[in-house]
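Peer 1: the amino acid sequence is not available; the structure is as follows:
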């Protein structure tokens, strides 16, 4: 929700929720950094390809690294089951209606994470709006934008782009069949946030996946906040 | 947000917002029905094709009917401009962050609607979660699901499907290039809500658009709640 549309008491409650979330997120971040785990929060619209991307990342990391996944959805265990089928431990959070993950939901899972973990990927609820307001303790935040969604989306949904570290353009294999200008999408996102590191990917053709995984590995070895 | 994840005072505030929204929506519905206007609320993920569908509806209605459009977005006038380019009056609501339209936003526009209107289409903010909780005074609620989003979405985002009257499957022209089972998507949505009237459409090939527009015209002529 936006404070613009709310009454005073509503604003107070929303501020309480966000303040409390930020505090829990900071605790999570500190615990995960102390364990040397790189935590990545994936945000996007429904169907932009978050789970497919995680499946491909799992294939590429399995030989040398240990990863785990937290899946956020309104309902169903489907995404966690897809990740487990890759031999990767996965926890499904079903929010039962909530439109985003909150740090307190992630905090409950921390004690269950296995030792020796290198990466924790968090797949947020499919929603290009609400998740952007809630830190989950991640070091890297990645927004996915799929080609079929259209090149006009960054400025229509700015917060997901202004708060992210990476932009992952997905489903590029579909571009020949779409009225989609990839350069326009990229340019618009970079106008909102020039710090965005951009990856151009397809889970079908494999385009850009090695570069993305190499970037995560390089980020793992870099000390936090360097 | 879901009540499951909230504290008592937060639940009270959310209930206040929803109760007040429902009341304003009922007033809007009553005013629009009295004027003989059929109001349709379109909900979907970002990029599912709501605006493209409205452009095609405008082409088909222009010879015999008067329509207007209310566009909801976080930011930008882009969608309203696309609709105005079709010669259709359009009002852009930019929520400035809010993840859905609320009835009070729609209420402000009612005095500006022209006389003799047959249809009012409301394009909600692109979000498959939050808009489902907010009635806007519509007689018909339509959820769009685009083929590239995937056939597993209805049960992952159930409320948009359980609260709708129509399911409009969009971008069917892309099916040959996708791992997408249209019958599965349809079956899953109908399991959630057997009352859904299903339309299979493509704004590119024109598939299903005449049937959809005929349905809206037939609904216009049917008295409310018949």
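Peer 2: Looks like it arrived, so ask away. Because the structure is a prediction, the values reported are computed rather than measured. Numbers count the residues shown, from 1 in each chain, chains lettered A, B, ... in the order given.
Peer 1: sec struct for the residue nearest the centre of chain A, please.
Peer 2: For chain A, residue A:42 is the residue whose C-alpha lies nearest the centre (Cα atoms, centre = their mean; 0.9 Å). What DSSP: H, G, I helix; E, B strand; the rest coil gives for residue A:42 is strand.
Peer 1: ok, it - contacts?
Peer 2: A:50, A:53, A:54, A:121, A:122, A:123, A:124, A:142, A:144 (Cβ atoms under 8 Å, 6 or more residues apart in numbering or on different chains). C-beta here means a position set from N, CA and C on the backbone, and glycine is covered the same way.
Peer 1: now stretch A:165-185: average pLDDT?
Peer 2: Per-residue pLDDT over stretch A:165-185 has a mean of 98.
Peer 1: just the contacts of residue A:42: which are in strands?
Peer 2: Among those, the ones falling in strands (DSSP state E) are A:121, A:122, A:123, A:142, A:144.
Peer 1: those: which ones sit near chain B?
Peer 2: Contacts with chain B are made by none of those, judged by Cβ under 8 Å from any Cβ of the partner chain.
Peer 1: where does chain A dip in pLDDT?
Peer 2: Residue ranges of chain A with pLDDT under 70: A:1-7, A:222-226.
Peer 1: thought residue A:181 was touching residue A:152?
Peer 2: No - with contacts counted by Cβ atoms under 8 Å, residue A:181 stays clear of residue A:152, the gap being 9.3 Å.
Peer 1: more neighbours: which of those two?
Peer 2: With neighbours defined as other Cβ atoms under 10 Å in any protein chain shown, residue A:181 and residue A:152 compare such that residue A:152 has more, 20 against 15.
Peer 1: skipping adjacent residues, who's closest to the more buried one in space?
Peer 2: Distances taken as Cβ to Cβ, 6 or more residues apart in numbering or on different chains put residue B:78 closest to residue A:152, at 6.0 Å, once the chain neighbours are dropped.
Peer 1: again, but for residue A:120
Peer 2: Using Cβ to Cβ, 6+ apart, the closest residue to residue A:120 is residue A:39 (4.5 Å).
Peer 1: how about the strands in chain A?
Peer 2: For chain A, applying DSSP E gives strands covering A:38-43, A:67-73, A:90-94, A:119-123, A:140-146, A:166-170, A:197-200.
Peer 1: got JSON lines for those strands, with distance to residue B:129 too?
Peer 2: JSON lines is the format used below for the strands of chain A (distance: least, Cβ to Cβ, whole Å):
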{"stretch": "strand A:38-43", "distance to residue B:129": "13"}
{"stretch": "strand A:67-73", "distance to residue B:129": "10"}
{"stretch": "strand A:90-94", "distance to residue B:129": "13"}
{"stretch": "strand A:119-123", "distance to residue B:129": "15"}
{"stretch": "strand A:140-146", "distance to residue B:129": "17"}
{"stretch": "strand A:166-170", "distance to residue B:129": "20"}
{"stretch": "strand A:197-200", "distance to residue B:129": "26"}
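Peer 1: which one of those lies nearest to residue A:177?
Peer 2: strand A:140-146 (12.9 Å; Cβ to Cβ).
Peer 1: strand partners of the closest one, parallel vs antiparallel please.
Peer 2: Paired strands of strand A:140-146, with direction, are strand A:38-43 (parallel), strand A:166-170 (parallel) (DSSP bridges).
Peer 1: out of these, deepest packed?
Peer 2: strand A:38-43 (a mean of 26; mean count of other Cβ atoms under 10 Å in any protein chain shown).
Peer 1: returning to what we had before: out of the strands paired with strand A:140-146, which comes closest to residue A:195?
Peer 2: strand A:166-170 (9.7 Å).
Peer 1: coming back round to it: number of residues surrounding the residue nearest to residue A:152?
Peer 2: Around residue B:78 there are 15 residues (other Cβ under 10 Å).
Peer 1: and for residue A:188?
Peer 2: 19.
Peer 1: return the distance of stretch A:91-99 from the chain's centre.
Peer 2: 15 Å (Cα atoms, centre = their mean, to the nearest Å).
Peer 1: got the end-to-end distance for that stretch?
Peer 2: 18 Å (Cα to Cα, to the nearest Å).
Peer 1: contacts for it, please.
Peer 2: By Cβ under 8 Å, 6+ apart, stretch A:91-99 touches A:68-77, A:79-80, A:101, A:105-106, A:109, A:112, A:125, A:127, A:129-131, B:1-5, B:99, B:127, B:129-130, B:159.
Peer 1: quick one: which of the residues you listed sit in helices?
Peer 2: Among the contacts of stretch A:91-99, the members found in helices (DSSP state H) are A:79, A:80, A:105, A:106, B:159.
Peer 1: and of the strands paired with strand A:140-146, who's closest to residue B:189?
Peer 2: Counting by Cβ to Cβ, residue B:189 lies closest to strand A:166-170 out of the strands paired with strand A:140-146; the figure is 24.1 Å.
Peer 1: from residue A:133, how far off is residue A:102?
Peer 2: Look at residue A:102 and residue A:133: by Cβ to Cβ, to the nearest Å, they are 10 Å apart.
Peer 1: what's the answer for residue A:62, then?
Peer 2: 33 Å.
Peer 1: out of the two, which sits in the more crowded spot?
Peer 2: Neighbours per residue, other Cβ under 10 Å: of residue A:62 and residue A:133, the larger number sits with residue A:133, 19 against 13.
Peer 1: so which of the contacts of residue A:42 comes closest to residue B:34?
Peer 2: Of these, the one sitting nearest to residue B:34 (Cβ to Cβ) turns out to be residue A:124, at 43.0 Å.
Peer 1: wait, the closest one sits on residue A:103?
Peer 2: No - counting by Cβ under 8 Å, residue A:124 stays clear of residue A:103, with 11.9 Å between them.
Peer 1: now do the shared contacts for these two.
Peer 2: In contact with both residue A:124 and residue A:103: residue A:136, using Cβ under 8 Å, 6+ apart.
Peer 1: neighbour count: those two, which is higher?
Peer 2: The neighbour comparison of residue A:124 against residue A:103 (other Cβ under 10 Å) goes to residue A:124, with 27 against 21.
Peer 1: residue contacts, that one?
Peer 2: Here residue A:124 is in contact with A:41, A:42, A:43, A:44, A:50, A:72, A:100, A:101, A:131, A:136 (criterion: Cβ under 8 Å, 6+ apart).
Peer 1: how near is the nearest residue in space to it that is not next to it in sequence to residue A:50?
Peer 2: Nearest residue to residue A:124 in three dimensions, chain neighbours excluded: residue A:131, at 4.2 Å (Cβ to Cβ, 6+ apart). Computed with Cβ to Cβ, the distance linking residue A:131 and residue A:50 is 11 Å.
Peer 1: the longest helix along chain A vs strand A:119-123, what angle?
Peer 2: In terms of residue count, the longest helix belonging to chain A (DSSP H) is helix A:8-34. Angular relation of helix A:8-34 and strand A:119-123 on a 0 to 180 degree scale: 150 degrees, by axes from the mean of the first three to the mean of the last three Cα atoms, to 10 degrees.
Peer 1: what's helix A:8-34 packed up against?
Peer 2: The contact analysis (3 or more Cβ pairs under 8 Å, 6 or more residues apart in numbering or on different chains; DSSP states H and E) places helix A:8-34 against strand A:38-43, helix A:103-107, helix B:8-34.
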